[in-house]
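**Q** Take this sequence and fold it.
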Amino acid sequence: MNRRDLGSGFSIIKNAIILQFDSEKYKSFYTIIDFETFEVIKSNGSSFHYFKDKNNVYIDSYMGAFMILTDANPNNFEILDFDNGFSTSQKNHYHFGNKLPYSLSEINSVNGLYCQVNESIYFNYSKLLNEVDLASFVVLKANEVSNVAKDKNHVYFRDEIVGEADSETFSFLNECFENNYYRECDHTFYAKDKKYAYYIDTIAKSFKIIKSKSLNKFRFEIKDQLGYAFDNEYSYLFGKRTRLKDKT
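**A** From the prediction side, this is the model:
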């Protein structure tokens, strides 16, 4: 069959099909790949791989689809930190598949998923935050919730400004972080400010506004290993409200 084994579960066979565990997932790149020189640079054997041929460097990872690393030269490409997805080539630096607009040496602080480069803040190394006041910027609950931050003017969820949120009074409900288990406690939380309450799911990338009529009574409780928020009118489970039964 004229099959060439590349290691890490990859092979090339006669008709130029790349196989990973008998899958043809890279077929749309067959007209671009040079099969004679194609090789695996490094792989974790399952969800993260670097490849190269004489023309390009390629990446396939749990952070994104198979792609060519923009402006990476296969002759001088270097992996700096495989586990965290940092690499370099021709004075360019990369975080997984993203070409960074700066050198990694320019990063002077990292907090959660945010990093400071000179006078700018980036989310996940590549997404520039707009309108940031650097002096007051802080990642809220950085050890538990790495993608919510604020400064004196705005609340940020990932790289977006939450326009409805009041940065001066916005805070998480502390009861969500008292080390008592509830389902999805590592990524679902409640917060509030002087105007609204909020349900936040960091994995689903959801930041939901709750317009409570009794905001001063908005609170968090654990019942049967489920995390509920309550006000005077409703209970909230995973952000979905249910009217409370009238007291008799």
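**Q** I'd like to know which helix or strand in this protein has the lowest mean pLDDT.
**A** Least confident helix or strand of the chain, by mean pLDDT, DSSP states H and E, is strand 18-20 with a mean of 79.
**Q** That one packs against which elements?
**A** If you count contacts as 3 or more C-beta pairs under 8 Å, 6 or more residues apart in numbering; DSSP states H and E, strand 18-20 packs onto strand 10-12. Where you see a C-beta, it was placed from the backbone N, CA and C, and this is true even at glycine.
**Q** and D53, how many residues sit next to it?
**A** By other C-beta atoms under 10 Å, 16 other residues sit near D53.
**Q** That one and L140: what is the separation?
**A** In this structure, D53 and L140 are 45 Å apart, going by C-beta to C-beta, to the nearest Å.
**Q** Return the residues in contact with the nearest residue to D71 once chain neighbours are set aside.
**A** Distance criterion C-beta to C-beta, 6 or more residues apart in numbering; nearest residue to D71, sequence neighbours excluded, is N92 at 5.4 Å. Neighbouring residues of N92 by C-beta atoms under 8 Å, 6 or more residues apart in numbering: T70, D71, A72, K99, L100.
**Q** Find the helix or strand that the nearest residue to the last one once chain neighbours are set aside is a member of.
**A** With sequence-adjacent residues excluded and distances taken as C-beta to C-beta, 6+ apart, L100 is closest to H93, at 4.7 Å. Take DSSP states H and E as the rule and H93 turns out to sit in strand 92-95.
**Q** Show the average pLDDT along that strand.
**A** Mean per-residue pLDDT for strand 92-95: 98.
**Q** Put the alpha carbons of that strand into PDB.
**A** Extracted in PDB, the C-alpha atoms of strand 92-95 (Å, rounded to 0.1, in the frame of the first residue of the first chain):
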ATOM      1  CA  ASN A  92       6.800  35.900  15.500                       C
ATOM      2  CA  HIS A  93       5.200  34.400  18.600                       C
ATOM      3  CA  TYR A  94       2.100  32.100  18.700                       C
ATOM      4  CA  HIS A  95      -0.400  31.000  21.300                       C
END
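**Q** which intervals of this protein have sub-threshold pLDDT?
**A** 1, 15, 246-248 (pLDDT under 70).
**Q** please redo it, this time with the cut-off set to 80
**A** 1-2, 14-17, 19-24, 110, 246-248 (pLDDT under 80).
**Q** how close does the residue nearest in space to the middle of it sit to D159?
**A** The centroid of the chain falls nearest to N124 when counting by C-alpha atoms, centre = their mean (6.5 Å). Applying C-beta to C-beta, the value for N124 to D159 is 8 Å.
**Q** ditto for D186
**A** For D186 relative to D159 (C-beta to C-beta), the value is 21 Å.
**Q** Of those two, which one has the most company?
**A** Neighbours per residue (other C-beta under 10 Å) separate D186 from D159, with D159 holding more: 18 against 12.
**Q** wait, that one sits on I121?
**A** No - using C-beta atoms under 8 Å, D159 makes no contact with I121, being 9.2 Å away.
**Q** Name the residues contacting each of these two.
**A** L128, L129.
**Q** which residues are in contact with the least confident helix or strand of the chain?
**A** G9, F10, S11, I12, I13, E24, Y26, Y30, I33, F35, F38.
**Q** Is there a quick ChimeraX command that grabs whichever of the residues you listed are buried?
**A** The following ChimeraX line selects those of the contacts of strand 18-20 that are buried, judged by 16 or more other C-beta atoms under 10 Å:
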select :9,10,12,26,33,38
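**Q** Among the contacts of strand 18-20, which one lies nearest to Y198?
**A** Minimum distance to Y198 across the contacts of strand 18-20 is 41.1 Å, recorded for Y26 (C-beta to C-beta).
**Q** what's the spacing between the residue lying closest to that closest one once chain neighbours are set aside and D53?
**A** In space, and not counting its chain neighbours, Y26 is closest to I18: 4.9 Å by C-beta to C-beta, 6+ apart. Distance of I18 to D53, given as C-beta to C-beta: 11 Å.
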